[in-house]
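K.L.:
this one's sequence-less:
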């Protein structure tokens, strides 16, 4: 954990170093992933079973998880948890329904009608990590927006290390309306969804987080199918004043840190004593948390406490960090939020810890990491929709705008373009 | 050119082959591009000048194109062409303004306020191809949506083979509000915009078409910056009935074919005699077109005439092709269009050749190619905007939804997540 203060002479280079700090040692896996993709394209299901034996240490009898298995898994989950899943699913669905965009149609002065129509993808593939990061909440967050967008076929792949599936993950998939569930993980799952196998029909777009192999596989199949952003380790910035409970802020920082040793938790505050109280409270929290090993490592390696003179500085630094998650725990948090240009998701006020957004608030928890909030957005219905623009013209409309098209096409040396307009208007003698 | 008919026994395999036909011989350029990117990162502007000498065969005195050079270039363009550019720019701007999405804010029954806020990217880079494909229309189509979205800094890179710049390209850049113009092309331009050099500050997202090197460079910098879809060769599907003028349809097909030998033009019609009339008219057009070499090669290699029994078949086949451009020249074109799920842009009626959309209609002409209209969309203001979702909760709201978050977090083994909610509600004894 580093302590920075904007009043110190070496603040700028130290803050710049914090921003550029590579939190992930990206393993060089591109050759291994190319080989896996080629193998799945050549050998289909057999390759998938082979990789499951090799990486997940068991041989699946069937690749597909059946409806009966789903029902059985759900029956094994305690009712209170299913109710919590239901509340989360309903709230996520409501927010994503509100996101749905409207079509556009406009007729202009020249008599052309212009439009833009939104349509759902036919089929999407969702990758859900297995093992220690098998999160039912991620199943809801990935599948519900696809369903709300109107995607007909929602395919999900999940690795099953040692044959183990998480019943709550399966229950979430059932609630979220997943059409097909496959016990396939890693780069081989991405290859199967992009290229298809005997069992798994190909999809049009793949979303969802994964390890280095999954990320590289998504990069390699990009173009064959669409992909979402490649997720890196998670991060939070908490902007808090001294009126807050230091223990609450500390636990918010640890909630991020417990994800992964590469996660990053940053406190920005204007009060030195409060900063030290939070640092103390983090140590106390680490003494009791089951995942203190991971959280402590993240905090020591990547944590930061930044002391600022005022909230203007806090906004400027936050915009440079472009964090995945941002908690704003100051007076009038909306006013401060209006000056933040880059953040994946924001949580306003002392009663709104980021964990609320991870599970039940409604907005998506799949968010841009590693400063990509500068240009990228969280998962949404827009990931599962595409636009078709359209133009309708009659003869009068073509007469109004056609001559300009002819002039520009001729200037670009594209004669057939020009003639396709000109001959309709009987303007076919070049000027 | 191949002739297909849905009544023939071997239609399905032949149509499937048409869809899977690789139109581009994608050169293996990844190692060359990696080396260029590493060189630009290490040597900055010097590397850019070096590559310009090597690939564009001249040594630029300055990398940046000055305002004086822009004004001089514009003064050399004939007024009628500037007027055509102005009409195009105004129409493109009006359509993209209409695209701008609205923010979302909703307060729900549990008392949480949820929102989604759109914001512009700070800086974007636009790649404009040079040489034979230096198109002023592409400058407008790339830069105007960025400006309409509210991007503050719009950087454009354009190669200048043998030192030649196209005055109309520069005039278009000036009109479109480009902030900085650089005479840099190829993979080195993408590297410079992604990583920055002494002269060129890095951007947040890169858009615009280019050759194989540019496409591979965009793939490699993805993650450091955002990128748009990687463009492949262009294509058009024309659905036309026998009431059309065969010469018009033929010229529409040739307008696509003249772009590139790898372009693809496909006619779908329900009338065999009309199909033959179009084929004849194509031959007549090829006898006169200056770019007949390119257009003829495209037509022979990739052209197709598909005879269908009815428009249901036409829609089904078009959805499988997911073409970049679609002309619908039948009675009641909107009704047929409503059954098309996958197309980049559609042009309705006999008076609406696709070339109108290339220049002056208003919707963007940068569109998804190579069947990617299944999941991708044309360039738009959405490429230059991102979303931040937000949540606001008070104590009562947290009490309403918090317990479900605590239950799910505990089930996922994320204790700090659970505690960050529970300790605010004094629920901190695990159940």
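P.N.:
Good, I have the coordinates. Fair warning: this is a prediction, and the values are worked out from it, not measured in the lab.
K.L.:
Just the pLDDT at the closest residue to chain B within the stretch 51-200 of chain A, thanks.
P.N.:
Here the residue of the stretch 51-200 of chain A nearest chain B is residue A:84; by Cβ to the nearest Cβ that distance is 3.9 Å. Just so you know, the C-beta spots here come from the backbone N, C-alpha and C atoms, and that holds for glycine as well. Reading off the confidence values, residue A:84 has pLDDT 97.
K.L.:
can you check residue A:230 too?
P.N.:
We have a pLDDT of 74 for residue A:230.
K.L.:
For my notes, confirm it occurs in a helix.
P.N.:
No - when classified by DSSP: H, G, I helix; E, B strand; the rest coil, residue A:230 is found to be coil rather than part of a helix.
K.L.:
Tally up the residues packed near it, please.
P.N.:
When counting by other Cβ atoms under 10 Å in any protein chain shown, one arrives at 20 neighbours for residue A:230.
K.L.:
swap in residue A:258?
P.N.:
Residue A:258 is flanked by 29 other residues according to other Cβ under 10 Å.
K.L.:
Give the full set of residues in contact with it.
P.N.:
Contact criterion Cβ atoms under 8 Å, 6 or more residues apart in numbering or on different chains gives A:289, A:291, A:294, A:295, A:298, B:414, B:415, B:416, B:417 as the residues in contact with residue A:258.
K.L.:
which regions of the stretch 101-250 of chain A sit below the pLDDT cut-off?
P.N.:
Counting by pLDDT under 70, the stretch 101-250 of chain A contains low-confidence residues at A:131-133.
K.L.:
Which positions in it make contact with chain B?
P.N.:
Residues of the stretch 101-250 of chain A lying near chain B by Cβ under 8 Å from any Cβ of the partner chain: A:101, A:104, A:106, A:108, A:110, A:112, A:114, A:116, A:119, A:121-122, A:135-137, A:168, A:204-205, A:219, A:222-223, A:225-226, A:229-230, A:247-248.
K.L.:
Highest neighbour count among the contacts of residue A:258?
P.N.:
The contacts of residue A:258, ranked by neighbours (other Cβ under 10 Å): first place residue B:417, 30 neighbours.
K.L.:
Tell me the secondary structure of it, please.
P.N.:
Taking three-state DSSP as the rule, one finds residue B:417 in the helix state.
K.L.:
What separation do you get for it and chain A?
P.N.:
Relative to chain A, residue B:417 is positioned 4 Å away (Cβ to the nearest Cβ, to the nearest Å).
K.L.:
May I see the buried residues of the longest helix along chain A?
P.N.:
Here the longest helix in chain A is taken by residue count, with DSSP state H as the criterion, and it is helix A:30-56. Of the residues in helix A:30-56, those with enough neighbours to count as buried (16 or more other Cβ atoms under 10 Å in any protein chain shown) are A:33, A:36, A:37, A:39, A:40, A:44, A:47, A:48, A:49, A:51, A:52, A:56.
K.L.:
The third one: what's it in contact with?
P.N.:
By Cβ under 8 Å, 6+ apart, residue A:37 lies in contact with A:187, A:190, A:191, A:194, A:195, A:217, A:220, A:221.
K.L.:
could the buried residues of helix A:30-56 go into JSON lines alongside pLDDT?
P.N.:
Conversion of the buried residues of helix A:30-56 to JSON lines gives the following (pLDDT from 0 to 100):
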{"residue": "A:33", "pLDDT": "96"}
{"residue": "A:36", "pLDDT": "97"}
{"residue": "A:37", "pLDDT": "97"}
{"residue": "A:39", "pLDDT": "98"}
{"residue": "A:40", "pLDDT": "98"}
{"residue": "A:44", "pLDDT": "97"}
{"residue": "A:47", "pLDDT": "97"}
{"residue": "A:48", "pLDDT": "97"}
{"residue": "A:49", "pLDDT": "96"}
{"residue": "A:51", "pLDDT": "96"}
{"residue": "A:52", "pLDDT": "94"}
{"residue": "A:56", "pLDDT": "92"}
